[in-house]
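> I would like the atomic coordinates for the input below:
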Amino acid sequence: MRIGFQGDYLSNSEEASQKFAEKLNLTNVEFVPLISSQNVVSKLLSKQIDFGVMAIKNIVAGNVVETKEALTPKIELFDTLDLPIHHCLFKKSPQSNIEYVASHIQALHQTQETRKKILKNVIEIECTDTALAAKMLFNGEYPENYAVICRENAGNFFNLSLVAKNIEDNPFNTTTFGLFKLKIR
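Now for the predicted structure:
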């Protein structure tokens, strides 16, 4: 059984994928990071994965446009779950001066007001995934003056320097994730 998810390892989508597997009592599951919703849909259509997990809607930022645009009539929603979402702000090192902040567009929207209080005059950079942004900062693909918004586990895994925890604007921030499959004719 292969479940592909929108995101990288250590992302909210990976956690949602694991929760779907538990909920449905699926065993011997291989979790496949596919970064984007379009990649998830492509792998479903080519039957390279059995299920795909994608974010559908967030209570703060609304519908996930990326998922909506990727869906086709050949894909159907099998199940949903709501996942509490908590974001952290990380930088490369304690000495780093933040001029840019990179993350998925949804995370940027979900943390907008809180970030205005923490950071002044920073430029937002969209990335295809929160965990991928953390990996890119760690790998030096983003310069020292970048910060990223991601889950705490991702920032810690990549040994980044924590600036602030729980920076989501709404303390009850929740995203609905969908478990999708190929329609059987």
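> show me what contacts residue 9?
For residue 9, the contacting residues are 33, 131, by CB atoms under 8 Å, 6 or more residues apart in numbering. Any C-beta I mention is one placed from the backbone N, CA and C, and that applies to glycine too.
> Read off the pLDDT value for it.
Looking at residue 9, its pLDDT stands at 97.
> Does it belong to a helix, a strand or coil?
On the three-state scheme (DSSP: H, G, I helix; E, B strand; the rest coil), residue 9 is labelled coil.
> Local confidence estimate at the spatially closest residue to residue 59 that is not a sequence neighbour?
Nearest-residue entry for residue 59: residue 174, 5.2 Å, with adjacent residues in sequence omitted and distances by CB to CB, 6 or more residues apart in numbering. Note for residue 174: predicted pLDDT of 97.
> With the one 10 residues further on instead?
In the prediction, the pLDDT value recorded for residue 184 is 83.
> Look at it and tell me its secondary structure.
Under three-state DSSP, the three-state class of residue 184 is coil.
> can you check residue 135 too?
Relying on three-state DSSP, one would call residue 135 helix.
> Can you tell me the closest non-neighbouring residue to it?
Spatially, and ignoring its direct neighbours in sequence, residue 135 is nearest to residue 158 (6.1 Å; CB to CB, 6+ apart).
> how near is the one you found to residue 124?
For residue 158, the distance to residue 124 equals 20 Å [CB to CB, to the nearest Å].
> Can you list the residue ranges for helices in this protein?
Counting by DSSP state H, the chain forms helices over residues 12-23, 37-45, 65-70, 105-110, 112-118, 130-138, 152-157, given from the N-terminal end onward.
> Which stretch among the ones you listed is buried most, on average?
The highest average neighbour count among the helices of the chain, using mean count of other CB atoms under 10 Å, belongs to helix 130-138 at a mean of 25.
> got a list of contacts for that one?
Under the contact criterion CB under 8 Å, 6+ apart, helix 130-138 has outside partners 7-12, 14, 35, 87, 90-92, 102-104, 107, 127, 142, 146-151, 154-155, 157-160.
> can you give me the mean pLDDT across it?
98.
> Next one: the residue nearest to residue 135 from residue 164, what distance?
Computed with CB to CB, the distance linking residue 158 and residue 164 is 17 Å.
> Give the buried residues for stretch 93-107.
Going by neighbour count (16 or more other CB atoms under 10 Å), the buried part of stretch 93-107 is 96, 98, 101, 102, 103, 104, 106, 107.
> For it, the averaged confidence score.
According to the model, stretch 93-107 has a mean pLDDT of 95.
> just the CA coordinates of it, formatted as PDB?
C-alpha atoms of stretch 93-107 as PDB (Å, rounded to 0.1, in the frame of the first residue of the first chain):
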ATOM      1  CA  SER A  93      21.600  30.200  13.300                       C
ATOM      2  CA  PRO A  94      21.100  32.400  16.400                       C
ATOM      3  CA  GLN A  95      23.200  35.100  14.800                       C
ATOM      4  CA  SER A  96      21.100  35.200  11.500                       C
ATOM      5  CA  ASN A  97      19.500  38.500  10.700                       C
ATOM      6  CA  ILE A  98      16.000  37.900   9.100                       C
ATOM      7  CA  GLU A  99      15.200  39.800   5.900                       C
ATOM      8  CA  TYR A 100      13.100  37.100   4.200                       C
ATOM      9  CA  VAL A 101      10.600  34.400   5.300                       C
ATOM     10  CA  ALA A 102       9.900  31.400   3.200                       C
ATOM     11  CA  SER A 103       7.100  28.900   3.500                       C
ATOM     12  CA  HIS A 104       4.100  27.400   1.800                       C
ATOM     13  CA  ILE A 105       1.500  30.100   0.800                       C
ATOM     14  CA  GLN A 106      -1.000  28.600   3.300                       C
ATOM     15  CA  ALA A 107       1.500  28.900   6.200                       C
END
